[in-house]
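Engineer: Provided below for reference: sequence and predicted model.
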Amino acid sequence: MAKSDKGAVTLQHESDNGRIRVPKTSELVADQIREQIIRGELDENDTLPPEGTLMVTLGISRPTLREAFRILEAENLISVVRGSRSGARVHKPSTELVSRYAGYVLESQKTTIADLYTARLAIEPTVVRWLAIAKGQTPGMAKVKSTLEELNDMLLNEQYDEFINNIAYFHQVLVEATGNKTLSFMNRLLLNLARTHQNDYQRRQPRSAEERLKSIRIGFKSYAKLINLIEGGNVEQAVEHWRLHLRNANETWAGRGEADRIVDSLQK
């Protein structure tokens, strides 16, 4: 902050070229609303007051308010229904949105599929070590076990497509069981990108029903064994088991010429 010639305090930002840039009113309004969303004062699907109310409350013009809304819409923090009498709808920051943008960055850097799966191999064995040291006595382990039960039900009911689609979720809750939010966030980015590749891979290189069923059964047994090793406090066995599991999975998804493919961030 700095004082103007008249002594009033004004907000100022320093730009990359060293010049002082005074933020526009619309940017300050967007900053205020963004802070309320990030700090949880505004929750998912809350609605902001109508435009007229905000204009009076904030002492700003309609063009300024709408420019602030455009900033927040571009960040996917609000959605505005044109012509609606209700206020803009609030959206919490989304991991899926960040992972999509992360995908754009990785693709622009020519990141390979092999690189993506190697990064995952660097995270999950460490997670398993932490969980095994704690003998599974973390609040999040209950969710890991319930997810395994759901996978078992899918297997018994021959819901094989649904089983495959939920494998990434098992990996997600496994990492989240540590309670480490930073690591969980990074892992979800990797899983979302890996899921995109896996869906595309299965479209391009479909397997027979027999091959899929065999893979599903082997995978489920591996998940069940992992949980037993964790709860038994068998640290090194659990880590080695999961490292081998991931390596085998990586050989599947990054095999057949897939390893050198560039991450496709635009694939649906």
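Structural biologist: Cool, the structure landed. Since this is a predicted model, take the numbers as computed values, not measurements.

Engineer: how many other residues sit next to residue 234?
Structural biologist: Summarising burial for residue 234: neighbours were counted as other Cβ atoms under 10 Å, giving 15. Quick note: C-beta positions are derived from backbone N, CA and C, even for glycine.

Engineer: excluding sequence neighbours, find me the nearest residue to it.
Structural biologist: The spatially closest residue to residue 234, leaving aside those adjacent along the chain, is residue 132, at 6.4 Å (Cβ to Cβ, 6 or more residues apart in numbering).

Engineer: count of residues packed around residue 181?
Structural biologist: 9.

Engineer: no no, residue 263
Structural biologist: Residues contacting residue 263 under the criterion other Cβ under 10 Å number 24.

Engineer: repeat that for the one 4 residues further on.
Structural biologist: Summarising burial for residue 267: neighbours were counted as other Cβ under 10 Å, giving 13.

Engineer: is it true that it lies in a strand?
Structural biologist: No: secondary structure of residue 267, determined by DSSP: H, G, I helix; E, B strand; the rest coil: coil, with no strand assignment.

Engineer: leaving out chain neighbours, which residue sits closest to the residue nearest the centre of the chain?
Structural biologist: The C-alpha lying nearest the average C-alpha coordinate of the chain belongs to residue 95 (Cα atoms, centre = their mean; 3.1 Å). In space, and not counting its chain neighbours, residue 95 is closest to residue 188: 4.9 Å by Cβ to Cβ, 6+ apart.

Engineer: in three-state terms, label that neighbour for me.
Structural biologist: Here residue 188 is helix, with the state taken from three-state DSSP.

Engineer: and residue 180, how far from residue 226?
Structural biologist: With distances taken as Cβ to Cβ, to the nearest Å, residue 180 is found 18 Å from residue 226.

Engineer: buried set for whichever strand or helix holds residue 55?
Structural biologist: Taking DSSP states H and E as the criterion, residue 55 maps to helix 51-58. Across helix 51-58, burial judged by 16 or more other Cβ atoms under 10 Å covers 51, 54, 58.
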